[in-house]
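Enquirer: Predicted model, plus sequence, below.
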Amino acid sequence: MFRTDGWKVLMDELRNNALQINSVEATKDNEDLNFRKGQLNILAFVLNMESTVEHYLEDSNDSV
């Protein structure tokens, strides 16, 4: 999955979205700030998924 062109396109789109969401200037109020923090948390999880999976695979191979 991580090697497909679709995954690479998705990651590029999510990185661009994260830059826009991370703008403090566009934040309206405290509720909006908390919403943006949640969005960034989810984006970070997905953007780091490939390295997380690879790390777990390496660890599982080392323990065998």
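Expert: Yep, that arrived.
Enquirer: what's near enough to touch Ala44?
Expert: Ala18 (CB atoms under 8 Å, 6 or more residues apart in numbering). C-betas here are computed from N, CA, C, even on glycine.
Enquirer: May I ask which helix or strand encompasses it?
Expert: Under the criterion of DSSP states H and E, Ala44 resides in helix 30-47.
Enquirer: Now that helix: buried residues?
Expert: Under the neighbour-count criterion of 16 or more other CB atoms under 10 Å, helix 30-47 has Arg36, Leu43 buried.
Enquirer: Check the model's average confidence along it for me.
Expert: When pLDDT is averaged over helix 30-47, the result is 94.
Enquirer: ok, now stretch 52-61?
Expert: For stretch 52-61, the mean confidence score works out to 89.
Enquirer: Residues contacting it from elsewhere in the structure, which ones?
Expert: Phe2.
Enquirer: Check Ser23 and give its pLDDT.
Expert: For Ser23, the model assigns a pLDDT of 85.
Enquirer: What of the one 4 residues further on?
Expert: The score at Thr27 is 89. That number is its pLDDT.
Enquirer: Tally up the residues packed near Thr27, please.
Expert: Each residue near Thr27 was counted by other CB atoms under 10 Å, and the total is 16.
Enquirer: Okay, the nearest residue to it once chain neighbours are set aside and Arg15: tell me how far apart.
Expert: Excluding its sequence neighbours, the residue lying closest to Thr27 (CB to CB, 6 or more residues apart in numbering) is Leu33, at 5.0 Å. Per CB to CB, to the nearest Å, Leu33 is found 21 Å from Arg15.
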